[in-house]
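**Student:** just the structure for this:
(chains A and B)
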There are 2 protein chains.
Amino acid sequence: MTILSQIMQQSATAFAEYRKTGPAQRALFLETVAAALEARREALTTITHQETHLPLARLNGELSRTTGQLKLFANLVREGSWIMAAIDTADAQRTPPKPDTRKMSVPLGPVVVFGASNFPYAFSTAGGDTASVLAAGCTAVVRAHFAHPQTSALVFEAMQEAIRSCNLPEHTVQHVTEPGNETGKTLVMHPLTAAVAFTGSQKGGMALLGYARERPDPIPVFAEMGSVNPVLLLPGKLAEDAAALAKKMAASITLGMGQFCTNPGLMIGVAGEQLDEFQRHLAEEIGRFSPHRMLHEEITARYDESVSVITSKPEVRIVANNTAAFATITAAGFLRDVSLREEIFGPYSLLVQCRGEAEMLRVIDSLGGQLTTTLMATDEDLRQNAALIERCTRIAGRVIINEVPTGVEVCASMVHGGPFPATTDPRFTSVGASAVQRWVRPVCFQNFPGHLLPEALQNANPLGIWRTVNNEWTNR
Amino acid sequence: MTILSQIMQQSATAFAEYRKTGPAQRALFLETVAAALEARREALTTITHQETHLPLARLNGELSRTTGQLKLFANLVREGSWIMAAIDTADAQRTPPKPDTRKMSVPLGPVVVFGASNFPYAFSTAGGDTASVLAAGCTAVVRAHFAHPQTSALVFEAMQEAIRSCNLPEHTVQHVTEPGNETGKTLVMHPLTAAVAFTGSQKGGMALLGYARERPDPIPVFAEMGSVNPVLLLPGKLAEDAAALAKKMAASITLGMGQFCTNPGLMIGVAGEQLDEFQRHLAEEIGRFSPHRMLHEEITARYDESVSVITSKPEVRIVANNTAAFATITAAGFLRDVSLREEIFGPYSLLVQCRGEAEMLRVIDSLGGQLTTTLMATDEDLRQNAALIERCTRIAGRVIINEVPTGVEVCASMVHGGPFPATTDPRFTSVGASAVQRWVRPVCFQNFPGHLLPEALQNANPLGIWRTVNNEWTNR
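**Tutor:** As a prediction, the model looks like this:
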């Protein structure tokens, strides 16, 4: 047996035990992981700063977000309504008699999680994907990202400590550090792999989906592959305060060297004096930016290459280029060149100049699925552009008014997902409480004696969870 | 533009309107379809009886189930919690400030529905797939099954009448009657197709999944492809009343000429006197069965062929063959021949004789995903075989104790799905209220002014739906 086969076998064996953990035990485990990470805060941020060049302040914030995510899932597991319990009691008088049926979610099995480079904590070894997998009752096999190996190792050490102190199966979480595409392919194609989580590039996500499709059995693959996150700059808003808007946009474009899936890579406005003024202010802001090193050499090389290709196009006019780059093009030019719709990972944004609102609609309609769409607009702008709001909603997982797309709140109502090519399945999110739904399936228990039912489905509702009983919501 | 392209274009245009319908309007539409079908009950059952050879009593029951399904989805849409609304309000005091985010489900787009032969009403033109698609706010393009064209046409006429009387877009539902695999392929691969629903054979479902995979963009395909639905006959239960159990099983095996996805095609027991007695009783019951014509010639031919192939295997012993067929084999023989795990669509069942409970476990573990697993067991049997219950749960969408798998209740807690190869995605069901979840995706609205939010997400909760507000369930 190869080492990867052995890892998947161990994950399946651990799953047979881990899936039986109750809400209290699972929640405590997630909290223990959070505490173990917290205990390593200084060592972690020091190492990760060296490995990723991300500023310490950002890393401290991201670590807090990561422990916060673990705690959110702990609370979710304790609260219990995420398993969508539904009870329909028997009715012997009906013709034909109605059986007693009760439904709840159960975990899928071992999930392979691919760590992302741009969130060494929040989307890596103990990040949101892993936390949601463990909350679901699945075991995790994490493929560490090559760009921060020591960070991943230290995070994994924290998780192992939590596994031991919670008396859980040793292989509840495992770590694969072997690099190369073959490793990823072997993991995705392994017969015991029940599902796959990925955050990263279009190319990476589509490769994993391709491997999954070579399996005899289809399995769920959730790949979040980024997007250009269009921001619509409406006339009233531009007129109100172009300078403040430019400052806000510049900060979002350059945040973390633009290394966010929700980075605003595309801005769309109606050409004219106000947009010109915004453009001047944004050029100033971008010119003032102090770049720092990107996550790793490959990303830097790819970014430099992409910006140079884009800005050498005759129709694209570069407005500012100070590592952070800002260019502009007419809507007609944009609509002619599909390559401009692709994400450039880094502190870059393209401003598309339209001849009017009808052309803005055409630009929006030319775009594929997005993680986010944003409207920078006054109340009056919004009143006059109802169609724009609708179109923004049709293509995105999150629609934002007058806030920047960077900054993804981790909460029940977050959607970090969207139609293809932003993700491989628009019905799910990889951030927020609903992320857990990717890793579970419903099971119906019919005519079970009460004592053999899972606690969540027993009449007395010993877990006190919200559920439906004969179509009525109740926590009794 | 070909006719199929035109149909998909019309569906997309209708979708742009239909998706905006509110709960009251959508619910009324579903109820109007139900009433229009009810008004055609006599004409429908007469035609369908001629086309499918199904008894009138069954057809009347199935039509009631179908109108019941439409009404269930109408109630679901009115009740409103299916959109999983969640509100997290802003907190400006927090560092960083917490934004206002609100999430709900929105429809995916035009869905292609493939009608099934074995449920001319409940899984055909206005069946459960279509009803769930319309409840979700999606438009439907229904590929009618060739085996009951007049039934489909009359059902479609009823739907068109409902569309007109509810003032909905003409192409909210469309009908494709053109036969051939190419038609299905073209529909699945059309760029405007947002998702696919199918109920039928393994071969049919996998072909559609294959077409979907040829698209540049992945789309959700839910194919329910049947299963052998193993029934475990435990010793105590056999000892209790083998004759009654045989009668119950015979009725389930032969119901509707065995033309159900949940037909019990496999029984598993421990060899011995009690199982022999059960076998004798079951042979008598099967021998007494009066067959009627199957749904269409192809199904009859395939059934006859399959039974003759199976029963000619040296290890399989035929016990009764009276169109309905019942055979037996040792567990060792069963484990050696993977072809015996495949569904035979019709009134056939295979009894696997094990040397003990450990071998029963091996047989269960050799099976792929199932729509159902059933335990025929006394309380004492269940106490002594906890492992069997767990294994039954791991491979199935529905686990049943002491009831037969045929008869699928349409309710909130039903799961008609299961791990592959029973379906292409174990996370969903095609029967019951949750079936609607296949056709929606979540959208997060961030920092929206109240009046621009969908009603479901407004502070005042004008729809009075159950939702979470800052992690608390409430219908205020």
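**Student:** can we go C-alpha only for contacts and neighbour counts from here?
**Tutor:** Fine.
**Student:** list the buried residues for the host helix or strand of A:Lys248?
**Tutor:** Here A:Lys248, judged by DSSP states H and E, is contained in helix A:235-254. For helix A:235-254, the neighbour count (16 or more other C-alpha atoms under 10 Å in any protein chain shown) marks A:235-238, A:242-243, A:245-254 as buried.
**Student:** farthest pair within these?
**Tutor:** The most widely separated members of the buried residues of helix A:235-254, counting by C-alpha to C-alpha, are A:Gly236 and A:Thr254 (24.9 Å).
**Student:** re earlier: remind me what the next helix or strand after the helix holding A:Lys248 packs against, helices and strands.
**Tutor:** Using DSSP H and E, the next helix or strand after helix A:235-254 towards the C-terminus is strand A:266-270. Judged by 3 or more C-alpha pairs under 8 Å, 6 or more residues apart in numbering or on different chains; DSSP states H and E, strand A:266-270 is in contact with strand A:231-233, strand A:348-354, helix A:357-366.
**Student:** CSV please, covering the ones you listed and showing mean pLDDT.
**Tutor:** Formatted as CSV, the helices and strands packed on strand A:266-270 follow (pLDDT from 0 to 100):
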stretch, mean pLDDT
strand A:231-233, 98
strand A:348-354, 97
helix A:357-366, 95
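**Student:** sorry, back to before: tell me the mean pLDDT for the helix holding A:Lys248?
**Tutor:** For helix A:235-254, mean pLDDT is 97.
**Student:** with stretch A:287-297 instead?
**Tutor:** Mean predicted lDDT for stretch A:287-297 stands at 93.
**Student:** pull the residues that contact it.
**Tutor:** The contact list for stretch A:287-297 (C-alpha atoms under 8 Å, 6 or more residues apart in numbering or on different chains) reads A:51-54, A:117-118, A:147, A:254, A:257, A:259, A:300, A:320-324.
**Student:** just the CA coordinates of it, formatted as PDB?
**Tutor:** Provided in PDB are the C-alpha atoms of stretch A:287-297 (Å, rounded to 0.1, in the frame of the first residue of the first chain):
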ATOM      1  CA  GLY A 287       1.000  55.800  -6.600                       C
ATOM      2  CA  ARG A 288       1.400  56.300  -2.800                       C
ATOM      3  CA  PHE A 289       1.200  52.600  -2.000                       C
ATOM      4  CA  SER A 290       4.100  50.900  -0.400                       C
ATOM      5  CA  PRO A 291       4.300  47.300  -1.700                       C
ATOM      6  CA  HIS A 292       5.600  44.400   0.300                       C
ATOM      7  CA  ARG A 293       6.700  41.000  -0.900                       C
ATOM      8  CA  MET A 294       4.000  38.700  -2.200                       C
ATOM      9  CA  LEU A 295       3.300  35.200  -0.800                       C
ATOM     10  CA  HIS A 296       5.800  33.400  -2.800                       C
ATOM     11  CA  GLU A 297       8.000  33.700  -6.000                       C
END
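**Student:** that stretch: how far from the chain's middle?
**Tutor:** Mean C-alpha position of stretch A:287-297 versus that of the full chain (C-alpha atoms, centre = their mean, to the nearest Å) differs by 23 Å.
**Student:** buried stuff in that stretch?
**Tutor:** For stretch A:287-297, a neighbour-count test (16+ other C-alpha under 10 Å) marks A:Gly287, A:Met294, A:Leu295, A:His296 as buried.
**Student:** narrow those residues to those in strands?
**Tutor:** Assignment to strands by DSSP state E places none of the buried residues of stretch A:287-297 there.
**Student:** hmm, back to that, mind listing which of the contacts of stretch A:287-297 are in strands?
**Tutor:** Judged by DSSP E, these include A:Ala320, A:Asn321, A:Asn322, A:Ala324 as members of strands.
**Student:** closest to chain B out of those?
**Tutor:** For the ones in strands among the contacts of stretch A:287-297, the closest approach to chain B (C-alpha to the nearest C-alpha) belongs to A:Ala324, at 24.2 Å.
**Student:** next, count neighbours for the nearest residue to the closest one once chain neighbours are set aside.
**Tutor:** Take A:Ala324 and drop its neighbours on the chain: the residue closest to it by C-alpha to C-alpha, 6 or more residues apart in numbering or on different chains is A:Pro347, 4.8 Å away. Look at A:Pro347: counted by other C-alpha atoms under 10 Å in any protein chain shown, it has 30 neighbours.
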